[in-house]
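**Q** Coordinates for the following, if possible.
(one chain, ligands or ions: 1)
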Amino acid sequence: MKSIYDLTYEKLQIMFLENSMKKYRSDQCFQWLYRKQIDSFDKMSDLGKETIEWLKNNFYIETLKLVDKQVAKDKTTKYLFELSDGALIETVLMHYSFGKSVCITSQVGCNMGFTFCASGLLKKQRNLSSGEMVAQVLYVNKELLKEDERVRNVVIMGTGEPFDNYDNVIDFCKIINHDKGLAIGARKITISTCGIVPKIYDFSDEKVQYNLAISLHAPNDELRNKLMPINKAYPLEELFKALRYYSEKNNRRLTFEYILLKGVNDQEKHAVQLSKLLKGMNAFVNLIPYNQVDEHGFKSTDDKSALRFYDWLMKNKVKATLRTKHGDDIDAACGQLRAKHERID
Ligand code: SAH
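**A** Predicted structure coming up:
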């Protein structure tokens with residue numbers, strides 16, 4: 001049995017054709033799944049008995065089991081789900097002025113080992129299938145529909161490294177983007193990577209409109225090596241060579257995420273180094289307040305110093321925004337809620 005949510009529109013169509021089903025039936029099926037968001041093949045009333053039987057014999061419709069849900073004062077909602085094999089994953093809903101955003105998980109656990117991140121407390125167990133990522137968006141979307149709302153933005157910024165699960169992530173994006181389904185605009189989908197260089201080249205060649213965000217967090221190799229071990233495999237020079245290739249091919253603005261860690265990466269010299277690194281690039285820096293993770297000992301830069309850092313960037317002609325904290329009264333940091341529910345070795 002296969003999860004039907006694993007299949008892109010095109011793959012579903014091929015599956016129908018290979019099994020002597022009518023092509024237009026796959027179109028109807030896709031719309032039942034994503035427009036009407038039904039949870040049983042029996043409800044696909046215009047598909048015909050034979051097609052429904054074939055679907056039931058070959059596929060299942062993934063449902064996530066809710067284990068825990070935390071709602072912050074600002075309504076940021078964190079869901080803890082159990083997958084069919086018992087693995088736990090987190091999904092976050094954020095309410096922005098520009099629309100409801102869902103942050104999804106791409107792997108069970110994470111091997112990137114950022115020294116400040118809660119997700120790395122639990123090592124990677126496996127990749128998520130495209131369907132398991134789709135199911136996260138659908139679950140939240142169904143809740144929003146009750147309030148006459150829907151998911152407008154999707155960020156792949158939860159636990160896991162999306163470019164370490166490249167094919168499934170790309171199929172996931174295709175599924176939620178398809179105009180016969182959820183139709184979440186490509187420019188409303190953001191993939192966040194810590195910089196797996198070969199995959200940045202692959203992604204550049206896909207010529208898709210999804211946004212690319214890079215978790216940078218440090219403007220020099222020495223510091224980045226300490227915070228993010230991936231930098232030892234792909235140091236800044238190689239990373240930026242790949243990013244310039246991406247920009248040439250796609251003409252899209254790149255987003256850089258930069259968490260402000262008190263006394264670690266928030267000095268004027270860091271702002272100057274950052275400006276040199278980004279010089280001439282169509283780039284934008286998101287300064288993110290750090291959600292403290294007790295196990296790691298890093299502190300968040302205070303608001304005044306964060307503003308000062310922002311000013312230094314402005315002075316050095318770097319485009320940036322200073323993000324406000326969301327949901328810091330719940331376990332909102334990547335991996336925090338899950339870590340609480342699992343034994344940490
Ligand atoms: N592996 C991908 C996506 C997951 S991490 C990546 O590296 O981009 C998503 C973002 O959350 C990264 O920028 C990461 O550095 C950040 N993050 C991790 N722990 C955090 C914390 N405690 N507070 C704030 N941001 C955090």
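**Q** When you work out contacts or count neighbours from here on, use the C-alpha atoms and nothing else.
**A** Fine.
**Q** Check the gap between residue 198 and the ligand for me.
**A** In this view, residue 198 and the ligand are 15 Å apart by CA to the nearest ligand atom, to the nearest Å.
**Q** what's the helix or strand where that residue lies packed up against?
**A** If you go by DSSP states H and E, residue 198 is part of helix 197-206. If contacts are counted by 3 or more CA pairs under 8 Å, 6 or more residues apart in numbering; DSSP states H and E, helix 197-206 sits against helix 236-250.
**Q** excluding its backbone neighbours, what's nearest residue 272?
**A** With CA to CA, 6 or more residues apart in numbering as the criterion, residue 272 has its nearest non-adjacent residue at 6.7 Å, and that residue is residue 316.
**Q** I meant residue 12, not that one.
**A** residue 26 (6.3 Å).
**Q** Make sure the one you found is actually in contact with residue 16.
**A** Yes. Residue 26 lies in contact with residue 16 (CA atoms under 8 Å); the separation is 6.2 Å.
**Q** The ligand contacts on this structure?
**A** Selection of the chain residues close to the ligand by CA under 6 Å from any ligand atom yields 117-118, 157-161, 192-194, 214-215, 257, 290-293, 333-334.
**Q** Mark which of those residues are part of strands, please.
**A** Among those, the members falling in strands (DSSP state E) are 192-193, 214-215, 257.
**Q** Columns distance to residue 231, pLDDT and neighbour count on top of those residues, output as a markdown table?
**A** A markdown table is the format used below for these (distance: CA to CA, whole Å; pLDDT from 0 to 100; neighbours: other CA atoms under 10 Å):
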| residue | distance to residue 231 | pLDDT | neighbour count |
| --- | --- | --- | --- |
| 192 | 15 | 96 | 22 |
| 193 | 12 | 98 | 23 |
| 214 | 12 | 98 | 20 |
| 215 | 11 | 97 | 18 |
| 257 | 15 | 96 | 21 |
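**Q** In terms of distance to residue 103, which of the residues you listed ranks first?
**A** Ranked by distance to residue 103 (CA to CA), those are led by residue 192 at 10.5 Å.
**Q** Could you tell me which residues make contact with that closest one?
**A** Residues in contact with residue 192 (CA atoms under 8 Å, 6 or more residues apart in numbering) are 155-157, 161-162, 212-215.
**Q** Spell out, range by range, the strands that occur in the stretch 1-150 of the chain.
**A** Along the stretch 1-150 of the chain, counting by DSSP state E, counting those that start in this stretch, strands occupy 2-3, 59-60, 65-71, 77-82, 88-96, 99-103, 107-108, 126-127.
**Q** Alright, that wraps it up for me.
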